[in-house]
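Asks: only geometry, no sequence info:
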């Protein structure tokens, strides 16, 4: 049985202790402002029920996140001071998030435990920064724009902490470098993350003035934003499916073995992650890896087993240029075409994505038919060829990725 990474255990333990302690204190002392707690609990539950499970987004339940942060930073309700503290905030958010997660748990969708741990810890952080000071009257002199800026500053700080937490969880789950993961998380704050923070601040301010009726009113813009993101994600999914279908053309025509493009794309993306590529760069790399052999469709005589790595350099370059021309005609991003057509250039002249595709393609071709010792043999051949054919840093990154996967390559098919 594989042991869990220590950092993952630490995060889950901290979240569990905070959740258990908050529930115990809240059950012992009872709820303050029950109608307010119920209203925010319903809002968070609805947001969790509408969780976005099928898309690669940073915040799967933006409405639930905005509602939770708003409750953590709530000081007044229709002009009357509130008295709920940190433990009640965490307990209400946890109960609502658990209730909203039941259908997702039943369907086995998404890493629910990580999601709940993030929600508990980030909301707890925001509540600790605000509730004790507010209940002691530290913000009595903060009025108007100054108070709004205070809430936004606290939300921004909470969002940064959440980004660090999300990157740490991803690092523990995948083994990918922490720096690029954190960079991706921070970049995502400019999208749905900023909408969540803005909505959380507006909700807290609006409820303070007009009461709980503000919650459904100010939930609508975020719901519309989430709908727009879902439609955009659907378009991107269709776009990727189209590229995958184009990549399979070489397999259907018998030019390359079944599953070759998919295996190269999967391994290339993992190597790109290890080398610190950003999310947009990884997307270009994945698309180029899927379509790296499409130039073979222009050949009269197929290459045996589609193995281009053993061809003369001039022939490799000709196939790569043909592939780049085909990619450009399909309307795919021009950056993808550049990677495809430059994958056969001398590696010192190649962009990093082309270096990765070249090395991973050669590894897959050498390893797939070599038996149990094929992966190790193929990797050693690539290392011996780093003087002129393959970039040393890419080969070493490939070795690290394969070591995490016990030196195996994805199965065919």
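Replies: Looks like it came in fine. Predicted, not measured: the structure shown is a model, and the values here were computed from it.

Asks: any regions of the chain where pLDDT drops low?
Replies: Within the chain, the ranges that satisfy pLDDT under 70 run 1-3, 52-59, 109-111, 300, 305-306, 369-373, 405-413.

Asks: okay, strands next: where are they in it?
Replies: 76-77, 80-81 (DSSP state E).

Asks: and the first one, what does it pack against?
Replies: Yep, that's strand 76-77 we're talking about. In terms of contacts (3 or more Cβ pairs under 8 Å, 6 or more residues apart in numbering; DSSP states H and E), strand 76-77 is packed against helix 194-210. No exception for glycine: its C-beta is placed from N, CA and C like everyone else's.

Asks: hmm, 10 Å instead?
Replies: Secondary-structure packing of strand 76-77 (3 or more Cβ pairs under 10 Å, 6 or more residues apart in numbering; DSSP states H and E): helix 34-49, helix 194-210.

Asks: sorry, back to before: nearest to residue 341, of the strands of the chain?
Replies: Taking Cβ to Cβ, strand 76-77 is the member of these nearest to residue 341, at 62.0 Å.

Asks: for residue 63, give its distance to residue 196.
Replies: For residue 63, the distance to residue 196 equals 9 Å [Cβ to Cβ, to the nearest Å].

Asks: mean neighbour count for the helices and strands packed on strand 76-77 - can I get that in TSV?
Replies: As requested, the helices and strands packed on strand 76-77 are exported to TSV (neighbours: other Cβ atoms under 10 Å):
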stretch	mean neighbour count
helix 34-49	20
helix 194-210	21
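
Asks: dump the ones you listed to CSV, plus distance to residue 80.
Replies: Converted to CSV, those look like this (distance: least, Cβ to Cβ, whole Å):
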stretch, distance to residue 80
helix 34-49, 10
helix 194-210, 9
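
Asks: ok, back up a step: quickly list what's touching both of residue 63 and residue 196.
Replies: 222, 225-226 (Cβ atoms under 10 Å, 6 or more residues apart in numbering).

Asks: before we move on, the earlier item: give me whichever of the strands of the chain is most buried.
Replies: By mean neighbour count, with neighbours taken as mean count of other Cβ atoms under 10 Å, strand 76-77 ranks first of those at a mean of 18.

Asks: among the shared contacts of residue 63 and residue 196, which one has the most neighbours?
Replies: residue 222 (23 neighbours; other Cβ atoms under 10 Å).

Asks: nearest spatial neighbour of it, skipping sequence neighbours?
Replies: residue 199 (4.6 Å; Cβ to Cβ, 6 or more residues apart in numbering).

Asks: ok, the one you found touching residue 66?
Replies: Yes: proximity of residue 199 to residue 66 meets the contact threshold set by Cβ atoms under 10 Å, at 4.1 Å.
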